[in-house]
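>>> turn this into a structure:
(2 chains, ligands or ions: 1)
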Amino acid sequence: MLLIECPFCGPRAEIEFSYGGPAATRRPDDPAQVSDADWVDWLTVPENRAGPVPERWCHAKGCGAWLTVLRDTRTHDILDVRHGA
Amino acid sequence: MARFSFLELARQALSGHQGWPRHWRSRELQPRYDILIIGAGGHGLAAAWHLARDHGARNIAVLEAGWLGGGNVARNTVTIRSNYMRDDSIPFYVRSVALFDRLTRDLNYNTMHSRRGMVDVLQTWGMVRDRRRRRLTMDLHGATYRPMSVPELRRMVPPLTGGGPDARLPILGAEFHPDAAVNRHDAVAWGYARAIDAMGVEIHQNTPVRAILRGADGAVTGVDTPRGVVRADKVALAVSGHTTTLTETAGLRLPLRTINLSAFVSEPLQPCLDVIVNCPDLGVYLSQSDKGELVIGGATDLGQSFRRDVKQHVFEETVAAMLDLFPAFRQVKMLRQWGGHLDIAHDASPIVSATDVPGLFVSAGWWGGYKAIPAGGMCLAHLVATGTPHPLAAPFGLGRFRHLDYVLEAGTTTAR
Ligand SMILES: Cc1cc2nc3c(=O)[nH]c(=O)nc-3n(C[C@H](O)[C@H](O)[C@H](O)COP(=O)(O)OP(=O)(O)OC[C@H]3O[C@@H](n4cnc5c(N)ncnc54)[C@H](O)[C@@H]3O)c2cc1C
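Next comes the predicted model:
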């Protein structure tokens, strides 16, 4: 089980959190201005490294904050936790 | 290749079974082939078999990072079924289930196929509606769901004593999928390997591909491995879970995430379960193996993962869910657990496709793709040999993302 260091509540077990998917890069401000290829890439292609990936977790059974967690997909090591996106 | 038959068995018995030939040979790695298949899992081996048998290709090598059948083909819970959701998906899975039905004969290898059916235990109205919708679509394409009452369900599955009127989630009904089967996964991998070896296809274990090589015109020219560069004008990836690691070396980005799925096996019990039981509202499914073990599967681990182990709480949640419905199994001891890493596409449907790199083909997104091995191999072979998609896999091209024309699917056990 992951131990996620919530910036507000301290280290908490994974079962207190709900998973919010890969942390996507910023949504293009004006989708009409980006190429179709870039739009589809933003919509459908997550980083899928065998290594650190950014993901969203909500401390649902704790303070309710949305966090961005950088976690290594090979080891489950958590390298960084930030509040917000 | 010595054909397996009763006569051959008798003949070999006379010499104390010392004379059986090896299933497949280890051979010298050549610098060039017509076709390279990366990954000796179910999909790679089946593709090689169809290329050799249906398309007359012979100069093929299958390159495998570890050992043959050491990937997900031997780490899954062998549920073979076609209860999918979409007009685009169901015909593909119906064909795959039918091909699995006759695989023992086709490969001359006993896959221990057992068409025992699967029953879905429904405990929420949302799930009842989901299964009814699947049934109506499946009816159009030759897959079967049959609605079942609770008493019928309890007669079919005697140890299913939980989920009564006082339970948190009382059982509302069930759907029976008689097409479903289980078989022996090692036999599937070994059977294909033996059959392709006999047709001259080379299998090279301990040969991890590190990078895909491209020529000046951008087309594929081969692959780089620790045993040297191997050239081919056609390279097909069937590396389940590792697709993006390899396609990135060719500058391709694919809509795939790698996730971990796990399974648990109990000590052997007396026969008590002759049907696959799937409990989608609780997120657990189980069947009983020929050895008597309960084979139990559950939800994927949340988040991306390239790991093959199991998180303790995934195990606990899955087993607790099973005990809700099968309280008698409380006394059963668990023996083994393991996981595998698989890739899942943005719309949860497979990808069998050419790519923007000429000569490079991918078969990926098989997060529930054991059942899909025979048809997936057939369609990948067709694509590699002819350059055009097999009609059954035409909906599974990469172009569907470009056109936002998804084939939205979801699991049958956990649609998380
Ligand atoms: C716990 C669990 C339960 C499952 N249950 C079911 C089920 O009940 N029903 C169902 O239909 N599906 C199920 N699946 C999914 C099924 O196992 C997979 O979809 C299917 O096996 C994937 O295709 P494959 O057999 O070709 O993969 P694999 O057997 O994983 O083959 C891929 C091969 O590629 C090799 N490889 C990787 N990288 C490289 C490289 N760089 N160079 C060379 N070789 C490489 C790997 O070593 C591996 O042998 C389950 C999976 C798991 C983990």
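
>>> in this structure B:Trp338 contacts B:Arg307, no?
No. Counting by CB atoms under 8 Å, B:Trp338 does not reach B:Arg307; the two are 10.8 Å apart. Bear in mind the C-beta positions are built from the backbone N, C-alpha and C, glycine included.

>>> more neighbours: which of these two?
B:Arg307 (19 against 13; other CB atoms under 10 Å in any protein chain shown).

>>> I'd like the next helix or strand past the helix or strand where B:Phe176 lies.
B:Phe176 belongs to strand B:173-177 when elements are defined using DSSP states H and E. Following strand B:173-177 in sequence order, the next helix or strand is helix B:185-198 (DSSP H and E).

>>> show me how far that next one is from its chain's centre.
Between the centre of helix B:185-198 and the centre of its chain there are 15 Å (CA atoms, centre = their mean, to the nearest Å).

>>> where along chain A do the helices fall?
Along chain A, counting by DSSP state H, helices occupy A:36-44.

>>> tell me how many other residues crowd the closest residue to B:Thr104 other than its chain neighbours.
Distances taken as CB to CB, 6 or more residues apart in numbering or on different chains place B:Thr111 nearest to B:Thr104, at 4.8 Å, with adjacent residues excluded. Around B:Thr111 sit 24 other residues, with neighbours defined as other CB under 10 Å.

>>> how close does B:Ala320 sit to chain A?
Using CB to the nearest CB, to the nearest Å, B:Ala320 is found at 12 Å from chain A.

>>> just the strands in the stretch 51-200 of chain B please.
B:60-63, B:118-122, B:146-148, B:173-177 (DSSP state E, counting those that start in this stretch).

>>> ok, and does the strand holding B:Phe176 reach over to the ligand?
No. Contact of strand B:173-177 with the ligand (CB under 6 Å from any ligand atom) is absent, the minimum separation being 12.9 Å.

>>> what strands line up against that strand, and which way round?
Paired neighbours of strand B:173-177 in the sheet (DSSP bridges): strand B:118-122 (antiparallel), strand B:146-148 (antiparallel).

>>> just the angle for the host helix or strand of B:Ala48 relative to helix B:185-198, thanks.
Assessed by DSSP H and E, B:Ala48 sits inside helix B:42-55. Interaxial angle of helix B:42-55 relative to helix B:185-198 (axes from the mean of the first three to the mean of the last three CA atoms, to 10 degrees): 40 degrees.

>>> flag every buried residue along helix B:42-55.
Applying a neighbour-count criterion of 16 or more other CB atoms under 10 Å in any protein chain shown, one finds B:42-52 buried in helix B:42-55.

>>> B:Gly126 and B:Arg308: what is the separation?
Counting by CB to CB, to the nearest Å, the separation of B:Gly126 from B:Arg308 is 33 Å.

>>> out of those two, which sits in the more crowded spot?
Using other CB under 10 Å as the criterion, B:Gly126 and B:Arg308 rank with B:Arg308 on top: 16 against 11.

>>> spatially nearest residue to that one (excluding sequence neighbours)?
Nearest residue to B:Arg308, sequence neighbours excluded (CB to CB, 6+ apart): B:Gly339, at 5.0 Å.

>>> on that earlier part again, contacts with the ligand among the buried residues of helix B:42-55, please.
Subset of these in contact with the ligand: B:42-44, counting by CB under 6 Å from any ligand atom.

>>> B:Phe315 in helix, strand or coil?
helix (DSSP: H, G, I helix; E, B strand; the rest coil).

>>> just the one 5 residues further on next, same as before
Three-state secondary structure (criterion: three-state DSSP) places B:Ala320 in helix.

>>> run a quick neighbour tally on it.
Neighbours of B:Ala320 (other CB under 10 Å): 12.

>>> just B:Gly365 next, same as before
If we define neighbours as other CB under 10 Å, then B:Gly365 has 28 of them.

>>> residues contacting it?
B:256, B:343-345, B:348-351, B:396 (CB atoms under 8 Å, 6 or more residues apart in numbering or on different chains).

>>> then B:Ser240?
Shown in contact with B:Ser240 (CB under 8 Å, 6+ apart): B:39, B:41, B:43, B:71-72, B:342-343, B:364, B:366, B:369.

>>> which one of the residues you listed is nearest to chain A?
The nearest member of these to chain A, counting by CB to the nearest CB, is B:Asp343 at 7.6 Å.

>>> which residue packs closest to A:Met1, ignoring adjacent ones?
Nearest non-adjacent residue to A:Met1, counting by CB to CB, 6+ apart: A:Glu14, 4.7 Å away.

>>> cool, B:Ala189 as well?
For B:Ala189, the spatially nearest residue (CB to CB, 6+ apart) is B:Gly69, at 3.4 Å.

>>> now B:Leu63
B:Thr207 (4.5 Å).
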